[in-house]
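Q: Output the structure for:
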Amino acid sequence: MAACLTILGSTRPEVDLNLSHTLFRTARRVPRAVAVIERDRVELNYDQLAERSLRLASALVALGAGPGARVALLAQNCAAYVELLYACWAAGACAVPINVRLHAKEVAFILDDADVQIVFVTEDVDTSAIEAARSSGTRFIDIDGSEYRKLLQSEPAVLPARDSAQSPAWLFYTSGTTGRPKGVVLTHGNLMAMALNYLADVDPATVGDHLLHAAPMSHGSGLYVVPNIAVGATQLIPALRAFDVAEIEHIVAYTPKVKFFAAPTMVMRLVDAWRGDAEPLNLKSIIYGGGPMYVADCLRALECFGSRLVQIYGQGEAPMTITVLPAADHFDDHDGHRLSRLGSVGRAQTGVEVVALDARDQPVGVGEIGEVCVRGDVVMAGYLNNPEATVITLDNGWLHTGDLGRFDDRGYLTLVDRSKDLIISGGSNIYPREVEEVLLMHPAVKEAAVLGERDETWGESVVAVLVKREGYAAGEDELDSFCLEHIARFKRPKRYVFVDQLPRNATGKVLKRELRARLTPAQVPDAKPA
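A: Numbers count the residues shown, from 1 in each chain. Okay, the predicted model is just below:
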């Protein structure tokens, strides 16, 4: 750790805002605390993690990936993910985490757009297909191979002082569900603000906690490395390096203070599979987000896991840090509005200003629907190589999320839908989320996606695409009657389509654009602009 101390000494004062400092401070404070466990493979304490990160940082500089460079991580969840993130930051480089489930052409686009020359991969990644799709060369380094082990033999040299709050730290590419993905530039300041919000509002993390990386570290799960490293918690990587219900059950049974981030679809897979006699006593919390958690699903999850659910709402442009619904709010019914709160995404997180604005960027009233807009230190610096989109998204100093929502008089935000998914029928606005919530209350409906299709009389009508729950049956007439018990007649679906599964992207979000393409092209309108 001598090199770490030197970096934090006279040659690199702690006032520099670089996320790597948080690792080195933790390593000085609790050097023997367990930092990373990859089941069946690796266990590192904080002293070891800091030294390995410094060695890799020196190797990156030697390879030309020093200050200002971008280094991609195209890898399954693994222990190396953690040390590489901090190596990039210690070297002054920007990390570019990429989901391994993307197509080779999608990966190639990201590498070209970000001008990435070095990519760290796990052995399951087909690098030849990516190379064939690229316009320039790339150096791929196998995390599980001998070249990576050689990099770890580098001398952990003292690095020059650099980086401010405005320096890029993480380049996050949007899912591209409405076109080509955009590179969201997240700075050291953005991620530090995110970490402080997490610790204040979402999870009071501490030494002894085990952050299980069941979701991809290229997205939400990886972002939560930052606050948990800062306080000395343990990063726990599954042996299968991915989400597996049986392995998660085993980990929770034998590991204390387990917590993890999960998309709602993952939470419900756990609910469906969890044994009734397996009380999750070691489970500290499940932090869910990244898509809608419908009230009916949330009630099932609460019955299974108790007061361990915390909801967050964010997006790549303001990572994980727009609103929070704490565990206590999932059960609190002192005012008779519990179900309403469960249907919300909570209240604004500390240090973040969240409002609903009209088309002129003026605030709407309580209970009125507007576009959710955000400002604060968590908001991105902009989109890489896309100044036009940056200006539009950050118009008037607000991050325009493209989500439509309304606030109640207690400050809880309920999302009604993406602006592009709004259905206008006979001049009336219909929000798919509202219809989906009702359909999911029916015992025969496992999953639901609602969208609009052209109607010569009304402009648009409502179509529901459903996945039936095994062992249940329900015809269109029954579903129609059920909807009429809960929502206005003009909002009910005019057509029901039954499918085996809904199309989803790599993070579990339903691809309504793809659903539109599957339905009759002549009837379904193009997606509305965001």
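
Q: Residue 362 - how many residues pack around it?
A: The number of residues packed near residue 362 is 9, by other C-beta atoms under 10 Å. For every residue, glycine as well, the C-beta is placed using N, CA and C.

Q: which residues of the stretch 151-300 of the chain fall in helices?
A: In the stretch 151-300 of the chain, the segments counted as helices under DSSP state H, counting those that start in this stretch are 188-197, 220-223, 225-231, 245-254, 264-273, 295-305.

Q: Show me what residue 94 is bridged to.
A: Going by DSSP bridges, residue 94 is paired in beta bridges with residue 70.

Q: In contact with it, which residues?
A: Contact analysis of residue 94 by C-beta atoms under 8 Å, 6 or more residues apart in numbering lists 68, 69, 70, 71, 88, 167, 168, 169, 170, 171.

Q: What's the separation between the fourth one and residue 59?
A: It stands for residue 71. Separation of residue 71 from residue 59 (C-beta to C-beta, to the nearest Å): 11 Å.

Q: of these two, who's got more company?
A: Shown here are residue 71 and residue 59; by other C-beta under 10 Å, residue 71 has more neighbours (26 against 22).

Q: low-confidence ranges in this protein?
A: Filtered on pLDDT under 70, the chain yields the residue ranges 1-16, 158-163, 175-179, 275-278, 419, 426-428, 506-507, 520-530.

Q: My assumption is that residue 84 lies in a helix; please confirm.
A: Yes. Secondary structure of residue 84 (DSSP: H, G, I helix; E, B strand; the rest coil): part of a helix.

Q: Count the residues that sit near it.
A: Neighbour count for residue 84, taken as other C-beta under 10 Å: 25.

Q: Tell me how far it lies from residue 97.
A: As for residue 84, its distance to residue 97 is 9 Å (criterion: C-beta to C-beta).

Q: shared neighbours of the two, anything?
A: Common neighbours of residue 84 and residue 97, using C-beta under 8 Å, 6+ apart, are residue 73.

Q: what about the residue of the chain most remote from its centre, which SS state?
A: Computed with C-alpha atoms, centre = their mean, the maximum C-alpha offset from the centroid of the chain is found at residue 457, amounting to 40.1 Å. Classification of residue 457 by three-state DSSP places it in coil.

Q: Quick check: it vs residue 451, distance?
A: For residue 457, the distance to residue 451 (C-beta to C-beta) stands at 18 Å.

Q: same question, residue 222
A: Distance from residue 222 to residue 451, by C-beta to C-beta: 31 Å.

Q: got it, and residue 354?
A: Residue 354 is 27 Å from residue 451, by C-beta to C-beta.

Q: try residue 82
A: 40 Å.

Q: Residue 435 touches residue 493, doesn't it?
A: Yes. With contacts counted by C-beta atoms under 8 Å, residue 435 reaches residue 493, the gap being 6.8 Å.

Q: For the stretch 201-350 of the chain, which segments count as strands?
A: Along the stretch 201-350 of the chain, the segments classed as strands by DSSP state E, counting those that start in this stretch run 210-212, 234-237, 258-262, 283-288, 309-315, 318-325, 347-348.

Q: Buried residues, stretch 337-345. List them.
A: Within stretch 337-345, the residues scored as buried using 16 or more other C-beta atoms under 10 Å are 337, 338, 341, 342, 343, 344, 345.

Q: residue contacts, the residue nearest to the last one when sequence neighbours are not counted?
A: The shortest distance from residue 345 to any residue other than its chain neighbours is 3.8 Å, reached at residue 313 (C-beta to C-beta, 6 or more residues apart in numbering). With contact taken as C-beta under 8 Å, 6+ apart, residue 313 is in contact with 289, 322, 323, 324, 345, 346, 413, 415.

Q: hey, what's residue 313 bridged with?
A: residue 323.

Q: distance of it from residue 464?
A: Residue 313 sits 24 Å away from residue 464, going by C-beta to C-beta.

Q: do the same with residue 414
A: From residue 414 to residue 464 the distance is 21 Å (C-beta to C-beta).

Q: For the two, indicate the residue with more neighbours.
A: Ranked by neighbour count (other C-beta under 10 Å), residue 414 and residue 464 place residue 464 first, with 25 against 19.

Q: how many other residues sit next to the closest residue to residue 364 other than its chain neighbours?
A: Spatial nearest neighbour of residue 364, chain neighbours left out: residue 370 (3.9 Å); criterion: C-beta to C-beta, 6+ apart. For residue 370, the neighbour count with other C-beta under 10 Å is 19.

Q: Give the bridge partners for residue 370, please.
A: Those that pair with residue 370 in a beta bridge, by DSSP bridges, are residue 405.

Q: just checking, it touches residue 404?
A: Yes. In this structure, residue 370 is within contact of residue 404 by C-beta under 8 Å, at 7.1 Å.

Q: so what does the helix or strand harbouring residue 73 touch, helix or strand wise?
A: Assigned by DSSP states H and E, residue 73 belongs to strand 70-74. With contacts defined as 3 or more C-beta pairs under 8 Å, 6 or more residues apart in numbering; DSSP states H and E, strand 70-74 has these neighbours: helix 79-91, strand 94-97, helix 104-114, strand 118-121.

Q: Out of the ones you listed, the one nearest residue 440 is which?
A: Between residue 440 and those, the tightest spacing by C-beta to C-beta is seen for helix 104-114, at 30.9 Å.

Q: can I have the closest one written out in CSV, keeping just the CAs?
A: Coordinates of the C-alpha atoms in helix 104-114 are reproduced here as CSV (Å, rounded to 0.1, in the frame of the first residue of the first chain):
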residue,chain,number,x,y,z
ALA,A,104,-21.4,-7.6,-32.1
LYS,A,105,-22.5,-4.8,-34.4
GLU,A,106,-23.9,-2.9,-31.5
VAL,A,107,-20.7,-3.3,-29.6
ALA,A,108,-18.7,-2.3,-32.6
PHE,A,109,-20.8,0.9,-32.9
ILE,A,110,-20.0,1.8,-29.3
LEU,A,111,-16.3,1.1,-29.6
ASP,A,112,-16.1,3.3,-32.8
ASP,A,113,-18.2,6.1,-31.3
ALA,A,114,-16.1,6.2,-28.1
